[in-house]
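Peer 1: sequence first, predicted coordinates after that:
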Amino acid sequence: MKKFAIGVLFGLLLALSPFAYATGKIEVDLFPVKLWLNGEQKKLPEEYVILNYSGHAYVPIRYLTEQFGGKVSYDEREGAISVSSAPLPVLPDPYTYEMAERNGDLMKRRPDKKKIEAFVRSVHEDTEDWIRLTSHTIEGDPLIVSLIYDSASKNIHYIQDRSRDRFGSMAITAVTCKRLDEVKAGEGGSTYRLVGCDGYSREIDLISFDK
């Protein structure tokens, strides 16, 4: 096996967007093993490798997580890596604002438009995907919305979880919608809206962005 030195082990193993982080150098081995997931052999894309360090195998966490429907996010500001199972994991209770943000949720208090745009691309490309939007009440109770795109039915499943809202309905509501549109607003802003929904509403406004 070919040996080589790398300065950023996590940058390679996690296959996240490039970032620089000061660490010492270590020596690792390429580990050309076969990877099987749930009985099916998987061929790693060219940009990924499996490594052997001190007798332990290191598999790219982004690739592995996404194979099981989860997501990995990197917060450069905090220097933190988050892994979220999908699409409806059992979340901690209480589920604070800080927990939700570190879990990669799209936060209504500080929205990241790139996250909803990535989900919209998946829908347009007919690729199964999911996203979770989280906000909190004045009392700090989480209001959690999950969107799941089902490529088989071409529908978007909207699941609103208010079960932790102590002063609300404490209900979980699920509807199915046909489309997710970006509706332009005044002064360059926009709102993402679910259209063609069954149940209690034909349209559901999800999140708005300023210019």
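Peer 2: Thanks, I have it.
Peer 1: C-alpha from now on. contacts and neighbour counts both.
Peer 2: OK.
Peer 1: nearest spatial neighbour of the residue most central in space within the chain, skipping sequence neighbours?
Peer 2: Nearest to the mean C-alpha position of the chain, by Cα atoms, centre = their mean, lies Lys71 at 4.1 Å. Distances taken as Cα to Cα, 6 or more residues apart in numbering place Ser84 nearest to Lys71, at 5.3 Å, with adjacent residues excluded.
Peer 1: then Leu106?
Peer 2: Take Leu106 and drop its neighbours on the chain: the residue closest to it by Cα to Cα, 6+ apart is Leu133, 4.6 Å away.
Peer 1: can you list the domain ranges for this structure.
Peer 2: When the chain is parsed with automatic domain parsing, its domains come out as 3-67, 87-209.
Peer 1: mean confidence score for the shortest one?
Peer 2: The one in question is domain 3-67. Mean pLDDT, domain 3-67: 73.
Peer 1: and what of stretch 108-116?
Peer 2: Mean pLDDT, stretch 108-116: 90.
Peer 1: for Val49, helix, strand, or coil?
Peer 2: What DSSP: H, G, I helix; E, B strand; the rest coil gives for Val49 is coil.
Peer 1: doesn't the residue nearest to Leu106 fall inside a strand?
Peer 2: Yes: counting by three-state DSSP, one finds Leu133 located in a strand.
Peer 1: tell me the contacts of it?
Peer 2: With contact set as Cα atoms under 8 Å, 6 or more residues apart in numbering, Leu133 has these partners: 105-108, 144-146.
Peer 1: what is the most widely separated pair among these?
Peer 2: By the measure Cα to Cα, Lys108 and Ser146 form the most distant pair in those, at 13.2 Å.
Peer 1: so for the two, which residue has more residues nearby?
Peer 2: A direct count of neighbours by other Cα atoms under 10 Å for Lys108 and Ser146 places Ser146 higher, at 20 against 15.
Peer 1: for beta bridges, what are the partners of the more buried one?
Peer 2: Counting by DSSP bridges, Ser146 is bridged to Arg132, Ile159.
Peer 1: so it touches Ser135, yeah?
Peer 2: No: counting by Cα atoms under 8 Å, Ser146 stays clear of Ser135, with 11.8 Å between them.
Peer 1: re the thing from before, what's the distance between the residue nearest to Leu106 and Ile50?
Peer 2: Leu133 sits 33 Å away from Ile50, going by Cα to Cα, to the nearest Å.
Peer 1: cool, and Asp210?
Peer 2: 42 Å.
Peer 1: more neighbours: which of those two?
Peer 2: Ile50 (18 against 12).
Peer 1: which residues touch stretch 142-149?
Peer 2: Here stretch 142-149 has contacts from 87-88, 95-97, 123, 127-137, 155-162, 164-165, using Cα under 8 Å, 6+ apart.
Peer 1: same thing but 6 Å
Peer 2: 128-136, 156-162 (Cα atoms under 6 Å, 6 or more residues apart in numbering).
Peer 1: by neighbour count, which of those wins?
Peer 2: Neighbour max across those (other Cα under 10 Å) = Ile156, 26 neighbours.
Peer 1: now do the contacts for the closest residue to Cys197 other than its chain neighbours.
Peer 2: Spatial nearest neighbour of Cys197, chain neighbours left out: Cys177 (3.9 Å); criterion: Cα to Cα, 6+ apart. By Cα under 6 Å, 6+ apart, Cys177 lies in contact with 155-156, 196-197.
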